[in-house]
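J.: Okay, predicted coordinates and the sequence, questions at the end:
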Amino acid sequence: KQTDWRGIAAELAPVEVIEEPVLIKKRSRDFFWYSPILNAQLKKCFGDLVARPATSGELAQCLAVAYAHDLPVVLRGGGTGNYGQAVPLQGGLIIETTAMNRILEIGEGFVRVEAGALMADINAALIARGWEMAMFPSTQDIATIGGFVAGGSAGIGSIANGALREKGNIISLKALSVEEAPQERVFDAEEALQLHHAWGLNGAITEVTLRTVPTRDWIGCMATFDSYRDCYAAGYALAQSEAIGRKLCSTVEARIVDYFPRLEGHLTKGRHLLVALVPREDMEAFHALITAQGGTVDLALDDTERRAKGIPHVFEFAYNHTTLQVLKADRTATYQQYGVGDPSDAEAVARLGAAVGEDVWQHHEFARVDGRIVAFDLPIIWFTDETRLRQIDDTYRAHGFSVADAHTYHVEGGGLKNADYRHLAWKKRMDPKGLLNPGKSRAWEMVRHLSADDIEAKAKD
Ligand code: FAD
């Protein structure tokens, strides 16, 4: 039956709603267009109405209205996800959380915030008190903490503090169910993982308590190398170093660096780039490490010096911002996500680079997972068609690298929620009608008819 959206808007009052079609279309998109495959699939998917609750009470009201009318619901923070996580596949109500943005408590080693708070605002409030977020994505200026917990995985800080899912990083969260009378439940650190990276399928997060770390006087560093092999090896050495504190360590092929016009004149041309954030007191050791690895430090600036020179923050050349710098110039580029088999093996990385073809330009991020250094490649890929993309995936696999596909809108596709029914038991409890982000989980379609306990039992099989 046709939904009376004007009537729904009236029922949502006093919650702010957005009804202008152009604005609804804008809020139906995220950064899925990084992928030409997702772009073709998702570019015509739009919601019908946007609600902007300002409190968890207002959010509960939105969910109750959705439940009463069987409306598909997509939660949305800043809309910066890359896999179409925030795109409504079946139309319906978009609930934008950015008005729920209060920082509720800052204490020793933790911060408690509403889900719609922007990470840049959280970091600014923390830094003023001597703390900072243990990790955050380079999109912190427009991305929300709820969106990071529900849609992200790691970021700047992960080289020191691990991935978001690691013990201690998410301390607890609160989330609302989608029922006649939505319930707000508290999830402890262990249970919170059932909502983490579940793309808003398993409840509407209202509040998050996260680990924080003492802030340091960070220097943004850029070093250059003649060969990408040496650049990667230096990245690994820095990632491994016990003597140098660092919260970012990335390496980027010279061909990609040519797409960074704002760094022109600041870096030696034609060289491969290592990007890092290093505390001021460790700069001498950093210089020594780079020299020993055959590189030179071209730039080392604190925030004040960087601003005076008009240079963007170093993290705008790392993680998925690296890809964005290329996409700004040429939309035929895309990327993929590969785990490096043995991160200490720079030769294997160089061999792969030579084998994979001229349409793949390497870019590595180093992080720490379960205490061990890992590296993943987020290469620029000059897209021709999906067959060639899958050939590239196969070449990586043949060289011992793993693939976390960035070109699927199914939550199971990227790796974190693979065949994991336990989180779907929580979905059944939190969203019995399956209204949240419908169409994004293949596994849910297979178990939605079961009870939460039966789904949980399936997880233990
Ligand atoms: P959105 O895109 O709005 O939402 C993400 C998912 O979370 C959606 O499925 C949405 O439905 C769900 N969601 C949002 N709010 C809630 C809520 N309150 N309750 C339940 N579900 C909710 N990601 C990383 O992990 N690390 C990076 O370093 C990183 N770098 C990036 C760089 C660029 C240039 C770009 C474009 C993206 C990058 N990303 C990265 C992806 C993304 O920016 C982050 O994961 C970001 O934290 C998402 O936050 P958001 O507010 O934009 O979420």
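T.: Yep, it's here. From a predicted model like this one, the values you see are computed outputs, not experimental measurements. Numbering: from 1, shown residues only.
J.: What pairs with the longest strand along the chain, parallel or antiparallel?
T.: The longest strand of the chain (DSSP state E) is strand 204-214. Under the criterion DSSP bridges, strand 204-214 sits next to strand 110-114 (antiparallel), strand 131-133 (antiparallel), strand 170-176 (antiparallel) in its sheet.
J.: so what does the helix or strand following that strand touch, helix or strand wise?
T.: For strand 204-214, the following helix or strand on the C-terminal side (DSSP states H and E) is strand 218-225. Judged by 3 or more CB pairs under 8 Å, 6 or more residues apart in numbering; DSSP states H and E, strand 218-225 is in contact with helix 228-240, strand 272-279, helix 283-292, strand 296-301, helix 303-309. For the C-beta atoms, the positions are set from N, CA and C on the backbone; glycine is no exception.
J.: what's the third one in contact with?
T.: Outside of helix 283-292, the residues within contact range by CB atoms under 8 Å, 6 or more residues apart in numbering are 219, 221, 223, 234, 237-238, 241, 243-244, 274, 276, 278, 296-297, 300.
J.: give me phi/psi at A40?
T.: phi -70, psi -40 (degrees, to the nearest 10).
J.: quick one: it from A333, how far?
T.: 16 Å (CB to CB, to the nearest Å).
J.: rewinding a little: please identify the deepest-packed of the helices and strands packed on strand 218-225.
T.: Greatest average neighbour count among the helices and strands packed on strand 218-225 goes to strand 272-279 (a mean of 25), per mean count of other CB atoms under 10 Å.
J.: so what strands line up beside it?
T.: Here, using DSSP bridges, strand 272-279 pairs with strand 218-225 (antiparallel), strand 248-252 (antiparallel).
J.: Mean neighbour count, those strands: which tops it?
T.: strand 248-252 (a mean of 29).
J.: K1: which of the strands paired with strand 204-214 is closest?
T.: K1 lies closest to strand 170-176 among these, at 26.2 Å (CB to CB).
J.: is any part of the closest one close to the ligand?
T.: No: using CB under 6 Å from any ligand atom, strand 170-176 stays clear of the ligand, coming no nearer than 6.6 Å.
J.: Let me know the next secondary structure element after that strand.
T.: Downstream of strand 170-176, the first helix or strand assigned by DSSP H and E is strand 184-188.
J.: tell me the contacts of M222?
T.: 263, 266-267, 273-276, 297-300, 314, 317.
J.: do H69 as well
T.: So H69 contacts 3, 8 (CB under 8 Å, 6+ apart).
J.: gap between it and I8?
T.: H69 is 7 Å from I8, by CB to CB.
J.: before we move on, which element is L38 in?
T.: Judged by DSSP H and E, L38 forms part of helix 36-42.
J.: List the contacts of that helix.
T.: 32-33, 83-84, 87, 89, 334, 383, 386, 389, 407-409.
J.: Can you go through those and name the buried ones?
T.: Buried members of the contacts of helix 36-42, counted by 16 or more other CB atoms under 10 Å: 32-33, 83-84, 87, 89, 334, 383, 389, 407-409.
J.: what comes up buried for stretch 82-102?
T.: For stretch 82-102, using 16+ other CB under 10 Å, the buried residues are 82-89, 91-101.
J.: oh sorry, the question was meant for stretch 393-400
T.: So stretch 393-400, judged by 16+ other CB under 10 Å, has buried residues 393, 395-396, 399.
J.: same deal with stretch 6-22?
T.: Buried, per 16+ other CB under 10 Å, within stretch 6-22: 8-9, 12, 15, 17-18.
J.: Report the mean confidence score over that stretch.
T.: Across stretch 6-22, the average pLDDT comes to 98.
J.: Check the separation of the first and last residues in it.
T.: The straight-line separation of the ends of stretch 6-22 (CA to CA, to the nearest Å) is 16 Å.
J.: contact partners of it?
T.: By CB under 8 Å, 6+ apart, the residues outside stretch 6-22 that reach it are 5, 24, 27, 49-54, 58, 61-62, 65, 69, 71, 93, 96, 99.
J.: Pull out the buried residues from the residues you listed.
T.: Buried among the contacts of stretch 6-22 (16+ other CB under 10 Å): 5, 24, 27, 49-54, 58, 61-62, 65, 69, 71, 93, 96, 99.
J.: Would you mind splitting this structure into its domains for me?
T.: 5-96, 218-403 (automatic domain parsing).
J.: Using PDB, write out the CA atom coordinates for the longest strand of the chain.
T.: Extracted C-alpha coordinates of strand 204-214, given in PDB (Å, rounded to 0.1, in the frame of the first residue of the first chain):
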ATOM      1  CA  ALA A 204      19.700   2.600  16.800                       C
ATOM      2  CA  ILE A 205      22.800   3.700  18.800                       C
ATOM      3  CA  THR A 206      22.000   6.600  21.100                       C
ATOM      4  CA  GLU A 207      25.100   6.900  23.200                       C
ATOM      5  CA  VAL A 208      28.700   5.600  23.100                       C
ATOM      6  CA  THR A 209      31.500   5.400  25.800                       C
ATOM      7  CA  LEU A 210      34.900   5.100  24.300                       C
ATOM      8  CA  ARG A 211      38.500   4.700  25.500                       C
ATOM      9  CA  THR A 212      40.600   7.900  25.300                       C
ATOM     10  CA  VAL A 213      44.400   8.200  25.500                       C
ATOM     11  CA  PRO A 214      46.600  11.100  26.800                       C
END
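J.: Near the ligand, which residues of the stretch 1-150 of the chain? Just list them.
T.: So the stretch 1-150 of the chain meets the ligand at 30-31, 74-82, 85-86, 97, 115, 137-139, 143-144, 146-148, 150 (CB under 6 Å from any ligand atom).
J.: cutoff 5 Å now
T.: 30-31, 75-81, 85-86, 97, 115, 137-139, 143-144, 146-148, 150 (CB under 5 Å from any ligand atom).
J.: can you pull the buried residues of stretch 119-131?
T.: Neighbour counts over stretch 119-131 (16+ other CB under 10 Å) mark 119, 121-123, 126, 131 as buried.
J.: No more questions from me, cheers.
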